[in-house]
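Asks: Below are the sequence and a predicted model; questions follow.
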Amino acid sequence: MVNARHRARKRSASRSSQKTVTRAADAAATRRAAIFRNGRNQAVRLPQDLAFPQDVKEVQVSRRGDAIVLSPVRRDWASFFELDTAVSEDFLAPRGDSPPQSREPL
């Protein structure tokens, strides 16, 4: 009984509170969007000018600090290599390997 009341109170509070999310890709593109409940899920209503293209049917959701980032799911290697993800300068630099371990023969 207590759990049912707690859940009902929690649902009611989440519906009545105004929540917003921002897209921080760049200051000019930052906008606010409403967050709402759809059954037991939370959903975001994106402004039309920030909506994904019609061919995007699925997004990846990731967390960066306190931000939640939505990215279109890319299914081919060409789109993977177009990603604007930086790697360190020494990513594929030669490095000294450890000597092989001595092991008992099988």
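Replies: Arrived safely.

Asks: can you give me the strands in the chain?
Replies: Shown for the chain, the strands assigned by DSSP state E span residues 20-22, 32-38, 41-45, 59-64, 67-72.

Asks: count of residues packed around the spatially closest residue to Ser62 that is not a sequence neighbour?
Replies: Nearest non-adjacent residue to Ser62, counting by C-beta to C-beta, 6 or more residues apart in numbering: Val69, 5.0 Å away. All C-beta spots, glycine's among them, are computed from the backbone N, C-alpha and C. Val69 has 14 neighbours, counted by other C-beta atoms under 10 Å.

Asks: what do you get for Leu70?
Replies: 15.

Asks: Make sure the residue nearest to Ser62 is actually in contact with Val59.
Replies: No. Checked against C-beta atoms under 8 Å, the pair Val69 and Val59 is beyond contact range at 9.4 Å.

Asks: for Pro95, what are its contacts?
Replies: For the record, residue 95 is Arg, not Pro. Residues near Arg95 by C-beta atoms under 8 Å, 6 or more residues apart in numbering: none.

Asks: contacting residues for the most centrally placed residue in the chain?
Replies: Centroid-nearest residue in the chain, with C-alpha atoms, centre = their mean: Ser62, separated by 2.3 Å. Ser62 sits next to 68-69, 71 when contact means C-beta under 8 Å, 6+ apart.

Asks: got CSV for those, with pLDDT and distance to Ile35 too?
Replies: Below are those laid out as CSV (pLDDT from 0 to 100; distance: C-beta to C-beta, whole Å):
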residue, pLDDT, distance to Ile35
Ile68, 91, 10
Val69, 91, 15
Ser71, 91, 18
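
Asks: Quick one: the residues you listed as a markdown table, columns for distance to Arg45 too.
Replies: Output for these, formatted as a markdown table (distance: C-beta to C-beta, whole Å):
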| residue | distance to Arg45 |
| --- | --- |
| Ile68 | 15 |
| Val69 | 17 |
| Ser71 | 18 |
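
Asks: Restricting to C-alpha, output stretch 43-57 in CSV.
Replies: Extracted C-alpha coordinates of stretch 43-57, given in CSV (Å, rounded to 0.1, in the frame of the first residue of the first chain):
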residue,chain,number,x,y,z
ALA,A,43,10.5,11.1,-23.7
VAL,A,44,11.8,14.3,-25.2
ARG,A,45,9.9,16.4,-27.7
LEU,A,46,12.6,17.9,-30.0
PRO,A,47,12.0,21.2,-31.7
GLN,A,48,11.4,20.8,-35.4
ASP,A,49,14.6,22.6,-36.4
LEU,A,50,16.7,20.1,-34.3
ALA,A,51,14.8,17.0,-35.3
PHE,A,52,16.6,14.1,-36.8
PRO,A,53,16.2,13.4,-40.6
GLN,A,54,13.3,11.2,-41.6
ASP,A,55,15.6,8.3,-42.4
VAL,A,56,16.8,8.1,-38.8
LYS,A,57,14.7,5.4,-37.1
